[in-house]
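Student: Sequence below, structure please.
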Amino acid sequence: MLFLLFLHSVRALPLASCADQSSQLHVIQSECDVNNERNVCLSWADGSVKSGQDTISHVCASVGGVKTENWNTTTPICVNAAGGSYVTFGVKDGSSCSLPGVYNVEGASEAVCEGPLNVCAGGNTRECKWTVTVNSCCCECS
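Tutor: I've put the predicted structure just below:
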């Protein structure tokens, strides 16, 4: 019985590399508003290796942005941005950030991960910096 209890309480390992994070994150972009801006949100992908009880150490929605500590599966982190521009998210889980590069992230046309860097407020230099291309608002398209 004790063994079963132990198995139930095991948590997912930290998502400390860009590669690990890329498969677990999801970008959601709203329709363009009257100002040609979109609400761009970072959330957990369906089927994430982290369960509803797990968290990521912290995230933020811009360079120097306020950290959301113990980020969980139910709370997307969002920022407004002009269509065709870029948004930046800081993500930290584990002791550092490794394997920088361009990754496929669900819901993003392009996602670049850099690190380890200081992205969020607070001076932590071991965060992954995700730069995501915001889908264009095609008001001038013909």
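Student: OK, contacts around residue 19?
Tutor: If a contact means C-beta atoms under 8 Å, 6 or more residues apart in numbering, then residue 19 has 99, 101, 103 as its contacts. Every residue, glycine included, has its C-beta placed from N, CA and C.
Student: Pull the contacting residues for the closest residue to residue 72 other than its chain neighbours.
Tutor: Closest residue to residue 72 apart from its sequence neighbours, by C-beta to C-beta, 6 or more residues apart in numbering: residue 55 at 5.1 Å. With contact set as C-beta under 8 Å, 6+ apart, residue 55 has these partners: 70, 71, 72.
Student: Next, format the residues you listed as TSV and append secondary structure and distance to residue 17.
Tutor: Listed next are these as TSV, based on DSSP: H, G, I helix; E, B strand; the rest coil; distance: C-beta to C-beta, whole Å:
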residue	secondary structure	distance to residue 17
70	strand	20
71	strand	17
72	coil	21
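Student: low pLDDT regions in this structure?
Tutor: Low-confidence segments of the chain, defined by pLDDT under 70, span residues 1-11, 139-142.
Student: what about the strands in it?
Tutor: 25-29, 37-44, 56-60, 68-71, 77-82, 86-92, 101-103, 111-117, 127-133 (DSSP state E).
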